[in-house]
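> Sharing a model that was predicted from the sequence below.
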Amino acid sequence: MGIITSDMRAIVDSAHLCFAATVTPEGRPNLSPKGTIRVWDDNRLFFLDIASPGTRANLTHTPYIEVNVVEERSRRGYRFFGRASLHTDDEVFAEAMQRVFAEEKANYPVASVVLIDVERAKPLVSPGYMHIPTETEMRLSWRQRRASLDAAFEHHAAIHPFDPRDISKG
């Protein structure tokens, strides 16, 4: 039996978004969202490095990484700690791209694949469970709250549409 349990797998499969923490060569923290996190096997996770030269450089210098994955409505997830390896033009790279692209029905440039050998994992649980006693109630509460938050953001987006070209201007 591996480190990654069926519950951990369900959280990762549901979220597909994580925040990856690495360390810069200067010893400073670097946190970066990754939208392609997946389970590789019972002991490893991976994500596609699409536009993360900083993460890639940090892992080349110091290969240790922490990845946080939280299922949005349940307000719980896991912290995965381990050692990352970068893959380009090898079997890991090809298989990872095939898995993600087949699932997403998409194809885009990928600089590398980050494969994480998970050394340990710890649960992340919202303090909201101090006043909401069950996961079912937590999910219902956040389903309703999420609808309200989404409506507010939809209103904002209608008035101030996002243009990705503006990012390069700032």
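Nice, thanks for sending it over.
> Quick check: which ranges of the chain have low pLDDT?
Counting by pLDDT under 70, the ranges of the chain that qualify are 168-170.
> Residue nearest the middle of it, spatially speaking?
Centroid-nearest residue in the chain, with Cα atoms, centre = their mean: Cys18, separated by 1.7 Å.
> Against Phe80, how distant is it?
Distance from Cys18 to Phe80, counting by Cβ to Cβ, to the nearest Å: 8 Å. Yep, even glycine has a C-beta here, placed from its N, CA and C like the rest.
> Which neighbours do those two have in common?
Counting by Cβ atoms under 8 Å, 6 or more residues apart in numbering, the shared contacts of Cys18 and Phe80 are 67-69.
> Can you lay out those as JSON lines showing neighbour count, distance to Gly27 and secondary structure?
As requested, those are arranged in JSON lines below (neighbours: other Cβ atoms under 10 Å; distance: Cβ to Cβ, whole Å; DSSP: H, G, I helix; E, B strand; the rest coil):
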{"residue": "Val67", "neighbour count": "24", "distance to Gly27": "20", "secondary structure": "strand"}
{"residue": "Asn68", "neighbour count": "18", "distance to Gly27": "20", "secondary structure": "strand"}
{"residue": "Val69", "neighbour count": "24", "distance to Gly27": "25", "secondary structure": "strand"}
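> Now flag whichever of those residues is closest to Asp117.
Lowest distance from Asp117 to those (Cβ to Cβ) belongs to Val67, with 11.8 Å.
> dump the residue contacts of that closest one.
Counting by Cβ under 8 Å, 6+ apart, Val67 touches 18-21, 34, 37, 45, 47, 79-80, 116.
> Leaving out the residues flanking it, which one is nearest to Phe34?
Let me fix one detail, which is that residue 34 is Lys and not Phe. Leaving aside its chain neighbours, Lys34 sits nearest to Phe47 (4.3 Å; criterion: Cβ to Cβ, 6 or more residues apart in numbering).
> Would you mind finding the longest strand in this protein?
Across the chain, the longest stretch assigned as strand under DSSP state E is strand 112-125.
> Off-centre distance for that one?
Remark: strand 112-125 is offset 10 Å from the chain centroid, using Cα atoms, centre = their mean, to the nearest Å.
> Kind regards, and thank you for your time.
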